[in-house]
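K.L.:
Pasting the sequence and the predicted coordinates here, then a few questions.
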Amino acid sequence: MTARQVTIEDVARSAGVSRQTVSNALNAPHRLRATTLARVTAAIDELGYQPDQSARSLRTGTRKVIGYPAPADNPADPNPLMSGFLQALVTAADAVGHRILVFRSDPRQGSGAVAKSFNDLIAARQVDGFVLSDVIHDDPRVDVLTEAGFPFAAFGRTAPGRPQNWVDIDSTAATAALVGLLLDQGHRRICYINSAASLPWLADRRAGFLRAAAAAPDGAFEVSVPDDEPAALSHAVRRLLTGPDRPTALVCASDWLALTAYQAVRAAGLTVGGDVAVTGFNDMPLCTLLQPSLTSARLPLAAIARVLVDQLITIVEDPAATPTSGLLLPAEPVVRGSTPGR
């Protein structure tokens, strides 16, 4: 007998119970005695029974499907960070019997297009709620779902006055921890390579640097160039490294900026890890490919995805359970050859 042929009546006969008892075992196991539940569960496992999810959806009003608007990306040069988050999200949803429906909703197309992409799925009753990523304070997706009164959970902080059902990285503390590592290693003058992009998580990283680098004995400063243009940034950093107040450590706002820092250090006739320590942020795959490998801050993508899925399901089941404050999770410093100590 194949799994598709097995019915709830087959399970009931095998376990010697009623059809309703099998239904209780699946949907309300607390109603059954432990011995009865164990007998029904054994029969389900033995026969390979799989409940009809469509019928269950009709009864409960839920689909066990979570919508995820995938960020716009270049297929020829994909973002490994968000690809990793999607994998973590699928795994977290699968662990609790849910599926992820991926669709496109690009805030750059305007609020009308964003509203249509969400409202179409809501009207078709295709999802129970949404998980959003790359959320910023004035995010139109948050506004659309708040106005619709539809459940969502956000990777990134929502603005005051909006639902606070978000999870984010404590980028301030993570960057401060990297600076602390460098200070403990004896670095006295530290430079921050900042991004020109105006994004909240980048502002948090800069704040963490400024807070921790205030303890640098010989001072701290920062450098950035318009549009993060690699050649211009490399030139600016090289000038610092060949000047009279050369920093001995470069703290970069991202791993991509750290790649430019490596180029600048070598162009200045210096060595990464030997003459100049370098740190990144995000711990992308390129970190282990660089020579020496790059010290970075690793985002806990699996933990973020689990919290978001659990948070969303809780809100779907009980809208009154919407959190009143968000949750910050720590990033993990991963120390490698670019910061060997002094």
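P.N.:
Arrived safely. Residues are numbered from 1 along each chain as shown.
K.L.:
where does this structure dip in pLDDT?
P.N.:
For the chain, residues meeting the criterion pLDDT under 70 lie at 1-4, 27-30, 51-61, 76-78, 107, 110, 342.
K.L.:
Which stretches in it count as strands?
P.N.:
For the chain, the strands defined by DSSP state E cover 65-70, 99-104, 129-132, 152-155, 166-169, 190-193, 220-223, 249-252, 277-279, 296-298, 327-329, 332-334.
K.L.:
quick one: the helices in the stretch 201-342 of the chain?
P.N.:
Using DSSP state H, counting those that start in this stretch, the helices assigned to the stretch 201-342 of the chain run over residues 230-241, 255-267, 286-289, 301-317.
K.L.:
Out of the ones you listed, flag the one nearest Y49.
P.N.:
Proximity to Y49, assessed across the helices of the stretch 201-342 of the chain by Cβ to Cβ, is greatest for helix 301-317 (23.6 Å). C-beta here means a position set from N, CA and C on the backbone, and glycine is covered the same way.
K.L.:
residues in contact with that closest one?
P.N.:
62, 66, 81, 84-85, 88-89, 91-93, 95-96, 98, 128-131, 151-155, 165, 167, 169, 321-323, 327, 329 (Cβ atoms under 8 Å, 6 or more residues apart in numbering).
K.L.:
and the gap between R141 and G161?
P.N.:
As for R141, its distance to G161 is 16 Å (criterion: Cβ to Cβ, to the nearest Å).
K.L.:
tell me the most buried of the strands of the chain?
P.N.:
strand 249-252 (a mean of 30; mean count of other Cβ atoms under 10 Å).
K.L.:
Please tell me how far the residue positioned nearest the centre of the chain sits from D120.
P.N.:
The centroid of the chain falls nearest to L301 when counting by Cα atoms, centre = their mean (4.6 Å). For L301, the distance to D120 under the criterion Cβ to Cβ works out to 28 Å.
K.L.:
how many neighbours does the closest residue to N79 other than its chain neighbours have?
P.N.:
If the residues on either side of it in the chain are set aside, N79 comes closest to D73, at 5.3 Å by Cβ to Cβ, 6 or more residues apart in numbering. Here the count is done by other Cβ atoms under 10 Å, and D73 has 11 residues near it.
K.L.:
Now do the contacts for R31.
P.N.:
Taking Cβ under 8 Å, 6+ apart, we find R31 in contact with N24.
K.L.:
Would you mind writing the CA trace of stretch 71-85 as PDB?
P.N.:
Once side chains and other backbone atoms are set aside, the C-alpha atoms of stretch 71-85 remain, and they are given as PDB (Å, rounded to 0.1, in the frame of the first residue of the first chain):
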ATOM      1  CA  PRO A  71      14.800  40.800  -3.200                       C
ATOM      2  CA  ALA A  72      15.700  41.800  -6.700                       C
ATOM      3  CA  ASP A  73      19.000  40.200  -7.700                       C
ATOM      4  CA  ASN A  74      21.200  39.700 -10.700                       C
ATOM      5  CA  PRO A  75      21.200  36.000 -11.700                       C
ATOM      6  CA  ALA A  76      24.600  36.400 -13.200                       C
ATOM      7  CA  ASP A  77      26.000  37.800  -9.900                       C
ATOM      8  CA  PRO A  78      23.700  36.600  -7.100                       C
ATOM      9  CA  ASN A  79      23.800  37.900  -3.600                       C
ATOM     10  CA  PRO A  80      25.000  34.900  -1.500                       C
ATOM     11  CA  LEU A  81      23.900  36.400   1.700                       C
ATOM     12  CA  MET A  82      20.200  36.600   0.700                       C
ATOM     13  CA  SER A  83      20.500  33.200  -1.000                       C
ATOM     14  CA  GLY A  84      21.600  31.800   2.300                       C
ATOM     15  CA  PHE A  85      18.700  33.500   4.100                       C
END
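K.L.:
Do I have it right that P69 meets Q109?
P.N.:
No. If you go by Cβ atoms under 8 Å, P69 and Q109 don't touch, sitting 11.5 Å apart.
K.L.:
Can you work out which residues contact both of the two?
P.N.:
Taking Cβ under 8 Å, 6+ apart as the criterion, P69 and Q109 do not both touch any residue.
K.L.:
can I assume G16 is in contact with A42?
P.N.:
No. G16 lies out of contact with A42 (Cβ under 8 Å); the separation is 11.3 Å.
K.L.:
Got phi/psi on N74?
P.N.:
Main-chain torsions, N74, degrees, to the nearest 10: phi -100, psi 110.
K.L.:
quick one: it from L26, how far?
P.N.:
Noted for N74: a distance of 44 Å to L26, by Cβ to Cβ.
K.L.:
Quick check: beta-bridge partners of L328?
P.N.:
As for beta bridges, L328 partners with D168 under DSSP bridges.
K.L.:
Please shift the residue numbers so they start at 41 in all later answers.
P.N.:
Renumbered: residue one is now 41, and that last one reads L368.
K.L.:
how about it, what does it touch?
P.N.:
Taking Cβ under 8 Å, 6+ apart as the test, what L368 contacts is V207, D208, I209, D210, A213.
K.L.:
Now the phi/psi pair for T379, please.
P.N.:
T379 adopts backbone torsions of phi -130, psi 70, taken as degrees, to the nearest 10.
K.L.:
ok, for the residue nearest to the centre of the chain, nearest residue in space, not its chain neighbours?
P.N.:
If you skip the residues right next to it in sequence, L341 has A128 as its closest partner in space, 4.4 Å away by Cβ to Cβ, 6+ apart.
K.L.:
How about the contacts made by the one you found?
P.N.:
With Cβ under 8 Å, 6+ apart as the criterion, the residues that contact A128 are L341, A342, I344, A345, R346.
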